[in-house]
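Engineer: give me a 3D structure for the following:
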Amino acid sequence: MRGVALLFLILSTTVTLRAFRTAQSRDILLSGLLVGLTGLTHLQYGAVAAIVTTLIAASCRSQTWKDRLYTYSIVGTVALGVSLPWFSTVVLNHGPEMFLRASTISTIPFPRNPVAHGGFNLTILAAVALTGVCHKLYQRENVALVVVHIGLWQFWPLPTGWLITGCVFAAVAVFETLPVVITHVTTKYNSHSFYPQRQHLMAVGAIILLLTTVPAGVTTAKNLNAFISEDEIETYQWIQDETSSDATFVVVSWSKDWFPALTDRTDVSTWFGSEFEYSAEEYERTRQQYNSVVSCESAECINATLQAYPSADYFYTNRHSADVVRGLNSTDTYEVVHSNGPVHVVRINAN
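Structural biologist: Sure thing, here's the model as predicted:
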């Protein structure tokens, strides 16, 4: 993943340097670098960086503070409006708590569903497009941002809803890039003649993206195990009330990446947010260790795989049967301290 991102970062930087030989290239190069580097850590960080660096680029091109404030207000308003599917999905399903509680690992727990990611994707699309449209920059300085973001997005494992969103986003980006290519290929074209067409294309693309994202999310989210069940929400609250603040967990759950943010506890089996903290070998070993626990079908197997986590105080699972968990409870090493439907919390007494 990081290799692909670096490739797109290099390509976008090369295009930028060839397209501009003025002081503008410094702003564009900075934007591309920030988006590419932050995208290596997490896609959403890349999206946020793209919005921020787009605003920075607009500020550098603006002549007065009035123009800058106008740009900020336009981009901010539109970005908020088009991100409502993402924001409302999170709040309606999980409440505002995730926005108020700090995570105990270095990652932002964005939800895994097409509506959520589609909303964020649409936000970056609108921010990049409208900043250029409002300032009549003809999108050339934003091509690097779009290319890098598409590169990061398309090479991530995507369910159907994300793939549709990515394809529409890619099509809109082609509409953005095409006038630039034509302008550079032939001097007979006046780039100003493409300005109204580009406005229409961006508007149509944004509408298509929104209409595609929402149905995709509604129809596929049920099969993605994307949302946290009530059983898990109640268990998270129990963990907060009944375990010490420094307790550590091995978490086996579809909502694993939400656990630290919603419990204020540490998941020692996670790899989210550790791309730069671990070496490639450590990162892969962490994933393999977790997959070994997930694949266990007996208490003996779980006991063996949990030996890889000597610092863990608890074992949290909603992906193992009650019979397997009861098998753990029959030993002195483990004690089931909480069960709520398919969710079980097991204390590891050996630690």
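Engineer: wait, Ala322 sits on Gly341?
Structural biologist: No: with contact defined as Cβ atoms under 8 Å, Ala322 does not reach Gly341; the gap is 9.6 Å. Quick note: C-beta positions are derived from backbone N, CA and C, even for glycine.
Engineer: quick check, His344 in contact with Val324.
Structural biologist: No: contact criterion Cβ under 8 Å: His344 and Val324 do not qualify, at 9.2 Å.
Engineer: of those two, give the one with the bigger neighbour count.
Structural biologist: Taking other Cβ atoms under 10 Å, His344 and Val324 do not tie; His344 has more neighbours (25 against 18).
Engineer: quick one: the residue nearest to Glu335 when sequence neighbours are not counted from Gln237, how far?
Structural biologist: Leaving aside its chain neighbours, Glu335 sits nearest to Arg347 (4.6 Å; criterion: Cβ to Cβ, 6 or more residues apart in numbering). Using Cβ to Cβ, to the nearest Å, one gets 18 Å for the distance from Arg347 to Gln237.
Engineer: compare neighbour counts for those two and give me the winner.
Structural biologist: Set Arg347 next to Gln237 and count neighbours by other Cβ under 10 Å: Arg347 wins out with 18 against 12.
Engineer: and that one, what element?
Structural biologist: In this assignment (DSSP states H and E), Arg347 forms part of strand 343-348.
Engineer: and that strand, what's its mean pLDDT?
Structural biologist: Per-residue pLDDT over strand 343-348 has a mean of 95.
Engineer: any low-confidence regions in the chain?
Structural biologist: 1-227, 273-280, 351 (pLDDT under 70).
Engineer: can you give me the strands in the stretch 201-350 of the chain?
Structural biologist: Assigned by DSSP state E, counting those that start in this stretch, the stretch 201-350 of the chain shows strands spanning 248-252, 266-267, 314-317, 334-340, 343-348.
Engineer: closest to Tyr283 out of the ones you listed?
Structural biologist: strand 266-267 (15.2 Å; Cβ to Cβ).
Engineer: quick one: list the elements packing against the closest one.
Structural biologist: Applying 3 or more Cβ pairs under 8 Å, 6 or more residues apart in numbering; DSSP states H and E, one finds that strand 266-267 makes contact with strand 248-252, helix 259-263.
Engineer: now with 6 Å, please.
Structural biologist: Judged by 3 or more Cβ pairs under 6 Å, 6 or more residues apart in numbering; DSSP states H and E, the packing partners of strand 266-267 are strand 248-252.
Engineer: now do the strand it packs on against strand 343-348, angle only.
Structural biologist: Taking axes from the mean of the first three to the mean of the last three Cα atoms, to 10 degrees, strand 248-252 and strand 343-348 form an angle of 140 degrees between their directions.
Engineer: what pairs with strand 248-252, parallel or antiparallel?
Structural biologist: Paired strands of strand 248-252, with direction, are strand 266-267 (parallel), strand 314-317 (parallel) (DSSP bridges).
Engineer: so which of the ones you listed gets nearest Ile228?
Structural biologist: Nearest to Ile228, of all those, is strand 314-317, at 12.8 Å by Cβ to Cβ.
Engineer: tell me the spacing between Gln335 and Trp258.
Structural biologist: Not quite, residue 335 is Glu, not Gln. 25 Å.
Engineer: those two: which is more packed in?
Structural biologist: Trp258 (24 against 14).
Engineer: can you redo the strands of the stretch 201-350 of the chain as JSON lines with distance to Ser292?
Structural biologist: JSON lines is the format used below for those (distance: least, Cβ to Cβ, whole Å):
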{"stretch": "strand 248-252", "distance to Ser292": "11"}
{"stretch": "strand 266-267", "distance to Ser292": "16"}
{"stretch": "strand 314-317", "distance to Ser292": "13"}
{"stretch": "strand 334-340", "distance to Ser292": "17"}
{"stretch": "strand 343-348", "distance to Ser292": "16"}
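Engineer: quick one, which of these is nearest to Ala308?
Structural biologist: Ala308 lies closest, by Cβ to Cβ, to one member of these: strand 248-252, at 8.9 Å.
Engineer: what comes into contact with that closest one?
Structural biologist: Contacting residues not belonging to strand 248-252 are listed as 259, 265-269, 293-294, 309, 311-317, 319 [Cβ atoms under 6 Å, 6 or more residues apart in numbering].
Engineer: as a check, name the ranges of all helices in the stretch 201-350 of the chain.
Structural biologist: Remark: helices assigned in the stretch 201-350 of the chain by DSSP state H, counting those that start in this stretch are 230-242, 259-263, 280-294, 299-305, 322-329.
Engineer: to Thr305, which of the strands of the stretch 201-350 of the chain lies closest?
Structural biologist: Closest to Thr305 of the strands of the stretch 201-350 of the chain is strand 248-252 (Cβ to Cβ; 9.0 Å).
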